[in-house]
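Participant: Return a 3D structure for these sequence lines:
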Amino acid sequence: MKILICLPFELLFWITALLLLGTADLHVHEGDQHFTLCPLSNMGISWCPGCGIGKSIGYLLQGNFQASLNEHWFGIPALLIILNRIMVLIKIKLNNRKVLNLKYKEEGYV
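Facilitator: Predicted coordinates for the structure are as follows:
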């Protein structure tokens, strides 16, 4: 539990989001209206440039590349961008830890 407290919120957010997308049942709402955070969809506009990216990433994480491309073409680049961000956050966290350890060693605490 201590590890979760030490991790940056953004890192936990992205990892949780990918885990939820990867385990979601994406076929449940096909063709049905469902809750959405999309402001354009909530205003009754049927076309939105970003709608479908979440499902596209979910299909990609489940290994269904064709369904991912059918849902939204930007799903693959979006997943790569998110994975890159996760790696950057992990690298920053590890570097900060190394700097703190080095600082404590220099001051004679360790």
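
Participant: measure the most centrally placed residue in the chain to residue 64 for me?
Facilitator: The centroid of the chain falls nearest to residue 14 when counting by CA atoms, centre = their mean (3.5 Å). Applying CB to CB, to the nearest Å, the value for residue 14 to residue 64 is 21 Å. All C-beta spots, glycine's among them, are computed from the backbone N, C-alpha and C.

Participant: With residue 75 instead?
Facilitator: Plainly put, residue 75 is 11 Å away from residue 64 if you go by CB to CB.

Participant: Now do the SS call for residue 89.
Facilitator: Using DSSP: H, G, I helix; E, B strand; the rest coil, the structure places residue 89 in helix.

Participant: residue contacts, it?
Facilitator: 8, 10, 11, 14 (CB atoms under 8 Å, 6 or more residues apart in numbering).

Participant: before we move on, the earlier item: look at residue 75 and residue 64 and report which has more neighbours.
Facilitator: residue 75 (25 against 15; other CB atoms under 10 Å).

Participant: What are the neighbouring residues in contact with that one?
Facilitator: Taking CB under 8 Å, 6+ apart, one finds 52, 53, 55, 56, 57, 59, 60, 68, 69 in contact with residue 75.

Participant: mind listing the helices for the protein?
Facilitator: Counting by DSSP state H, the chain has helices at residues 2-6, 9-23, 39-42, 53-61, 65-71, 75-106.

Participant: Throw those into a markdown table and include mean pLDDT, thanks.
Facilitator: Formatted as a markdown table, these follow (pLDDT from 0 to 100):
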| stretch | mean pLDDT |
| --- | --- |
| helix 2-6 | 64 |
| helix 9-23 | 93 |
| helix 39-42 | 80 |
| helix 53-61 | 92 |
| helix 65-71 | 93 |
| helix 75-106 | 85 |
